[in-house]
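Visitor: Take this sequence and fold it.
(one chain, ligands or ions: 2)
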Amino acid sequence: MALPYLNLREMEEAAAAVLSPAALAYYVGGANDEVTVRANRDGYAALKLRPRMLVDVSQVDVSTTVLGMPLAFPVGIAPCALHGLVHPDAEVATARAAAGMGSLMTLSTMSHRSLEDVAHAAPGQWWFQLYVYRDREVSRALIQRAEAAGAGALVVTVDTPYLGRREAIIRTPVHIAPGTVLPNVGPRRAGSEHLDDLSYFDSLLDPGLSWSDVAWLRAQTELPIVLKGLLTAEDADLAMQHGCHVWVSNHGGRQLDTAVTALDALPEIADAVAGRAEIYLDGGVMRGTDVLKALALGANAVFVARPALYGLALAGETGVRHTLALLREELCLALALCGRVRISDLGPDLIFRR
Ligand SMILES: Cc1cc2nc3c(=O)[nH]c(=O)nc-3n(C[C@H](O)[C@H](O)[C@H](O)COP(=O)(O)O)c2cc1C
Ligand SMILES: CCCCC(=O)C(=O)O
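Guide: Ligands and ions are numbered 1, 2, ... in the order given. Now for the predicted structure:
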């Protein structure tokens, strides 16, 4: 099925028309005044490219690797809770789309489908995102399941000691249907039989999480660990000291409003990391040129969250494929128009500085 959307913005508009008000509030919304939600996108437009001419670009190659895993192009899907709010195949459809395109999905802890189902749908092409629970035994069991099922990495989200204040979902809360089982969420505590809304998840998260827990996590698994939500060179340094890779993100503006954007934080982090670990980035990526800019400034790959959910809402697996295909095609064209042939040609000289 060919979908009519020419770009991710058109997909976003179309999805807004089909999502329930609560799902829309949950997906689109950010924290407080949503300054950071807007800044994430605006930051890309503000960077200007320095294209080179008269380079033979009759063949471009956008393939790469992340943690040794081959990717057809340097774009993956960031972890998002609750894909089942918009499509019955939920994370299985998203994972299939990503794997089918030579990309990868990061499965959220807060998923409708089990990590084993996703492993079956996308063997070798998925990572597992971990929210560390107050109950470390539940977290330890999840890590063991993820490792046994063949996750390529453990992505530990570290910017969410508490959920940010998302006013759109305070006004229009997400209600999770009674009887819904979320297979990675662990046993319910007494008095929490109903997964009514997100406050239940919030209560599972451990605000006491600290670097000593990262050392504990590092000892629990052989999997590569990626810390998601870092925004400073200082924390990137600590991540490396703990044997971890770095995912630069402000959580799509959903946590700390007015936090620095991942794109702005990237240069200091790339300097601190200096090639000793891999660096990923998310937040506001909507165009192939956005991908190009993040890679030029030092990211090994970028991830998209909302655009994948819009694809899922519009057309299930086909819709997620459409999201990824648009980004891949735009990236190939942008690379060629910049006079670059492959991903390894990208560096800071691509970005104009006044
Ligand atoms: C609906 C929704 C659910 C999310 N759920 C998770 C999650 O479960 N775990 C996580 O680490 N990040 C989660 N995120 C954050 C994304 O992984 C990502 O950091 C952020 O959305 C930025 O990407 P985007 O601008 O492409 O949406 C979620 C984001 C959205 C929009
Ligand atoms: C407690 C669920 C959190 C999911 C999440 O990370 C988000 O909505 O941004």
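
Visitor: helices and strands of this protein: which one bottoms out on pLDDT?
Guide: In the chain, the helix or strand scored least confidently by mean pLDDT, DSSP states H and E is helix 199-204, which has a mean of 82.

Visitor: Mind listing what's buried along that one?
Guide: Within helix 199-204, the residues that qualify as buried by neighbour count (16 or more other Cβ atoms under 10 Å) are 200-201, 204. For the C-beta atoms, the positions are set from N, CA and C on the backbone; glycine is no exception.

Visitor: Could I get the CA-only coordinates of that helix as PDB?
Guide: The C-alpha coordinates for helix 199-204 follow below in PDB (Å, rounded to 0.1, in the frame of the first residue of the first chain):
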ATOM      1  CA  SER A 199       0.800   7.700  37.700                       C
ATOM      2  CA  TYR A 200       1.000   4.000  38.300                       C
ATOM      3  CA  PHE A 201       4.200   3.800  36.100                       C
ATOM      4  CA  ASP A 202       5.500   6.900  37.800                       C
ATOM      5  CA  SER A 203       5.200   5.100  41.100                       C
ATOM      6  CA  LEU A 204       7.400   2.200  39.900                       C
END
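
Visitor: if you look at it, does any of it touch ligand 2?
Guide: Yes. Using Cβ under 6 Å from any ligand atom, helix 199-204 reaches ligand 2 at 201-202.

Visitor: name the helices or strands packed onto the helix or strand that that helix is followed by?
Guide: Downstream of helix 199-204, the next assigned helix or strand under DSSP states H and E is helix 211-220. Judged by 3 or more Cβ pairs under 8 Å, 6 or more residues apart in numbering; DSSP states H and E, the packing partners of helix 211-220 are helix 136-149, strand 154-157, strand 225-230.

Visitor: Go again with 10 Å.
Guide: helix 136-149, strand 154-157, strand 225-230, helix 233-241 (3 or more Cβ pairs under 10 Å, 6 or more residues apart in numbering; DSSP states H and E).

Visitor: Tabulate the ones you listed (TSV), appending mean neighbour count.
Guide: Compiled in TSV, those are given as follows (neighbours: other Cβ atoms under 10 Å):
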stretch	mean neighbour count
helix 136-149	17
strand 154-157	26
strand 225-230	24
helix 233-241	18
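
Visitor: TSV please, covering those and showing distance to residue 288.
Guide: TSV is the format used below for these (distance: least, Cβ to Cβ, whole Å):
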stretch	distance to residue 288
helix 136-149	31
strand 154-157	24
strand 225-230	23
helix 233-241	26
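
Visitor: Contacts only, for residue 89.
Guide: Each residue near residue 89 by Cβ atoms under 10 Å, 6 or more residues apart in numbering is listed here: 83, 95-97, 112-113, 117, 121, 312, 316-317.

Visitor: got a markdown table for the helices and strands packed on helix 211-220, with mean pLDDT and distance to ligand 2 too?
Guide: What follows is the helices and strands packed on helix 211-220, written out as a markdown table (pLDDT from 0 to 100; distance: least, Cβ to the nearest ligand atom, whole Å):
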| stretch | mean pLDDT | distance to ligand 2 |
| --- | --- | --- |
| helix 136-149 | 96 | 14 |
| strand 154-157 | 98 | 7 |
| strand 225-230 | 99 | 10 |
| helix 233-241 | 98 | 18 |
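
Visitor: Of those, which is nearest ligand 1?
Guide: strand 154-157 (3.6 Å; Cβ to the nearest ligand atom).

Visitor: is the closest one anywhere near ligand 1?
Guide: Yes. Applying Cβ under 6 Å from any ligand atom, one finds strand 154-157 in contact with ligand 1 at residue 157.

Visitor: again, but for stretch 67-75
Guide: No. Contact of stretch 67-75 with ligand 1 (Cβ under 6 Å from any ligand atom) is absent, the minimum separation being 10.4 Å.
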